[in-house]
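# next come a sequence and a model predicted from it.
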Amino acid sequence: MSDLTITNAGVTVASNSPSVKSNNQKLTQMTMKVVNVKPLNTTGAHEVNDLLFNSTKIPNAVSVAGGAGIVQSVTAVSGTGNVGAIDIYFVQESSIGTAPDMGTLKDFIASSSDCSDADMALQLGKISISNFEDMGASSVGYASNAGVMIQAIEGSRDVYVWGVTRSTDNPGSGQDFTIRFGIIQD
């Protein structure tokens with residue numbers, strides 16, 4: 001098929017090429033994946049804005065090395081009865097979001113953390129989960145239609161997450177905690 005260009009008043013209106021796909025064609029070629037991770041919670045009791053868990057790998061979050069994707073949904077399941085709000089930050093490298101690099105988010109906000117500008121440039125986005133439901137022996141929280149763009153660094157398919165507490169009612173050290181990510185891979 002040859003290129004077709006339509007010009008109206010000197011402005012190109014449309015171009016057709018076999019390498020350009022329509023939105024529907026592109027969407028049907030994307031892969032959807034659900035990835036479970038079990039972050040290791042930091043110390044027992046948490047204050048508001050404490051680091052909940054250090055940087056944790058989402059293995060093969062994108063389909064190709066250096067590729068991109070969209071985190072569409074997040075489900076967090078805690079083995080404790082009550083869980084308060086949490087924020088989940090997406091980063092490109094595992095060294096970002098680890099204590100002592102980050103300390104507490106309070107330090108980070110106060111610009112006194114050890115996280116450099118170069119480290120902060122590797123931040124990809126954040127999803128907040130504030131709707132945990134007490135299911136008796138466990139709690140479940142959801143974030144739907146999140147639409148957070150992620151991209152692995154060159155040579156990797158992995159992306160990393162770290163968590164921050166937004167209340168004092170969060171899982172402590174050693175308590176069961178699973179995060180399930182729904183990812184659309186490009």
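Done, it's in.
# mind giving me the packing neighbours of the lengthiest strand in the chain?
Longest strand of the chain, by residue count under DSSP state E: strand 68-78. In terms of contacts (3 or more C-beta pairs under 8 Å, 6 or more residues apart in numbering; DSSP states H and E), strand 68-78 is packed against strand 86-91, strand 123-129, strand 139-143, strand 148-151, strand 177-185. In short, each C-beta sits where N, CA and C put it, glycine included.
# in its sheet, which strands sit next to it, and in what direction?
Counting by DSSP bridges, the strands paired with strand 68-78 are strand 139-143 (antiparallel), strand 148-151 (antiparallel), strand 177-185 (antiparallel).
# can you put the ones you listed in TSV and add mean pLDDT and distance to T165?
Formatted as TSV, the strands paired with strand 68-78 follow (pLDDT from 0 to 100; distance: least, C-beta to C-beta, whole Å):
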stretch	mean pLDDT	distance to T165
strand 139-143	91	13
strand 148-151	95	20
strand 177-185	93	12
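# which of the ones you listed sits closest to K57?
strand 177-185 (11.4 Å; C-beta to C-beta).
# tabulate the CA atom coordinates of the longest strand of the chain in PDB.
Coordinates of each C-alpha in strand 68-78 appear next as PDB, following Å, rounded to 0.1, in the frame of the first residue of the first chain:
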ATOM      1  CA  ALA A  68       6.900   0.500  28.700                       C
ATOM      2  CA  GLY A  69       3.500  -0.400  30.100                       C
ATOM      3  CA  ILE A  70       0.500   1.000  32.000                       C
ATOM      4  CA  VAL A  71      -0.400  -0.100  35.600                       C
ATOM      5  CA  GLN A  72      -4.100  -0.200  35.300                       C
ATOM      6  CA  SER A  73      -5.100  -1.700  38.700                       C
ATOM      7  CA  VAL A  74      -3.600  -2.500  42.100                       C
ATOM      8  CA  THR A  75      -5.000  -4.800  44.700                       C
ATOM      9  CA  ALA A  76      -3.300  -4.900  48.100                       C
ATOM     10  CA  VAL A  77      -4.100  -7.800  50.500                       C
ATOM     11  CA  SER A  78      -2.900  -7.700  54.100                       C
END
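# can you give me the angle it makes with strand 123-129?
40 degrees (axes from the mean of the first three to the mean of the last three C-alpha atoms, to 10 degrees).
# what mean pLDDT does strand 68-78 have?
Here strand 68-78 scores 93 as its mean pLDDT.
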